[in-house]
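*Asks:* 3D model of this:
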Amino acid sequence: MMRWQTRSLQVCLILLAAVPAYCQRGTFGVEFGQTSDRFGGQSRASGPELGVDGEVIVLQSKDKDHGADVIAGGELRFPIDTQQHAKEIAVYGGVSFRFTPNFSAGFHVQVHRIDLPPTEINNAAFLRSRLSMVELPGFLQYKFGPSKKAFVRGEGGPEFSPHYRDEMPLNIPDPTLDHGYTVRGTVGYNFGKWYVKGSYETRYFKFLNNIGNPNDLYNWRSDLASGGVGIVF
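*Replies:* As a prediction, this is how the structure comes out:
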């Protein structure tokens with residue numbers, strides 16, 4: 001088994017093992033969608049992608065309508081075509097504040113690793129560096145409808161300068177991030193023991209145009225539309 005796949009499996013097992021020991025509620029789901037990626041001035045490429053995500057409440061407030069919960073979770077993304085699209089793994093911990101029975105908001109401290117796909121430059125293979133970064137996304141969620149089973153959620157935040165790991169020895173300096181952001185919107189319905197949801201995410205990384213970013217090959221725009229199902233426990 002590849003090292004990346006082994007690490008992904010370890011994250012899933014850790015999330016599942018944490019549920020009975022530390023929390024009273026959690027979710028685990030799978031989703032399938034279409035990702036569209038464009039690097040620099042290259043043509044946009046689209047393809048299917050599988051995702052797995054989970055979240056648990058590590059410490060839950062006694063007040064079900066107000067208060068704050070400590071949460072932890074993670075997300076994996078597996079594109080079918082890894083030569084055109086990025087593989088990703090993220091784990092996070094954070095706080096979710098319930099202001100009313102319907103409305104909650106919070107933030108995550110998230111460690112995110114992105115394995116960017118290779119490309120060609122001057123008829124030679126160019127392996128982009130792996131990106132590892134700490135992110136601070138915030139989120140808002142609102143529940144509505146009969147018994148508050150329907151929900152809408154928005155989340156996102158700026159991207160900060162990543163740590164780079166070169167996939168091959170090159171005498172090229174690391175690229176320098178100019179700015180970036182990620183925004184995601186989700187709608188769904190909770191049936192009690194399971195849920196359905198649909199999401200759309202857009203993300204952008206802009207790097208300075210210098211020797212570390214030849215032909216703007218690190219500049220990255222990604223859009224993902226997906227739908228999924230999961231269990232509540």
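
*Asks:* in the protein, where is pLDDT below threshold?
*Replies:* Residues of the chain meeting the criterion pLDDT under 70: 1-24, 167-170.

*Asks:* can you give me the strands for it?
*Replies:* Along the chain, counting by DSSP state E, strands occupy 26-39, 45-59, 67-79, 87-98, 103-115, 119-121, 124-126, 130-135, 138-144, 150-158, 163-165, 177-190, 194-207, 220-232.

*Asks:* flag every buried residue along the third one.
*Replies:* To tie it back to what came earlier, the one meant is strand 67-79. Neighbour-count burial for strand 67-79, counted by 16 or more other CB atoms under 10 Å, picks out 69-79. For the C-beta atoms, the positions are set from N, CA and C on the backbone; glycine is no exception.

*Asks:* how about residue 65, nearest residue that isn't a chain neighbour?
*Replies:* Nearest residue to residue 65 in three dimensions, chain neighbours excluded: residue 101, at 4.5 Å (CB to CB, 6 or more residues apart in numbering).

*Asks:* ok, how many other residues are close to residue 217?
*Replies:* 20 (other CB atoms under 10 Å).

*Asks:* which residues touch it?
*Replies:* Going by CB atoms under 8 Å, 6 or more residues apart in numbering, residue 217 touches 39-40, 42, 119, 121, 126, 128.

*Asks:* how about the closest residue to it other than its chain neighbours, phi and psi?
*Replies:* For residue 217, ignoring the flanking residues on the chain, the nearest one in space by CB to CB, 6+ apart is residue 40 at 5.0 Å. Main-chain torsions, residue 40, degrees, to the nearest 10: phi 60, psi -130.

*Asks:* residue 150 against residue 186, yeah?
*Replies:* No: contact status for residue 150 versus residue 186: not in contact, 11.6 Å apart, counting by CB atoms under 8 Å.

*Asks:* the two: who's more crowded?
*Replies:* For residue 150 against residue 186, the residue with the higher neighbour count under other CB under 10 Å is residue 186, and the figures read 18 against 14.

*Asks:* that one contacts residue 195, doesn't it?
*Replies:* No: Residue 186 is beyond contact range of residue 195, at 10.7 Å (criterion: CB under 8 Å).

*Asks:* what residues are bridge-paired with residue 30?
*Replies:* Applying DSSP bridges to residue 30 yields these beta-bridge partners: residue 52, residue 229.

*Asks:* swap that for residue 120, please
*Replies:* Partner residues in beta bridges with residue 120, using DSSP bridges, are residue 125.

*Asks:* in this structure it contacts residue 126, no?
*Replies:* Yes: A contact is recorded between residue 120 and residue 126 when judged using CB under 8 Å, the distance being 6.3 Å.

*Asks:* the two: who's more crowded?
*Replies:* A direct count of neighbours by other CB under 10 Å for residue 120 and residue 126 places residue 126 higher, at 16 against 10.

*Asks:* from residue 127, how far off is the spatially closest residue to that one that is not a sequence neighbour?
*Replies:* Closest residue to residue 126 apart from its sequence neighbours, by CB to CB, 6+ apart: residue 119 at 5.2 Å. Distance of residue 119 to residue 127, computed by CB to CB, to the nearest Å: 8 Å.

*Asks:* the two: which is more packed in?
*Replies:* The neighbour count for residue 119 versus residue 127, taken as other CB under 10 Å, is higher for residue 119 (17 against 13).
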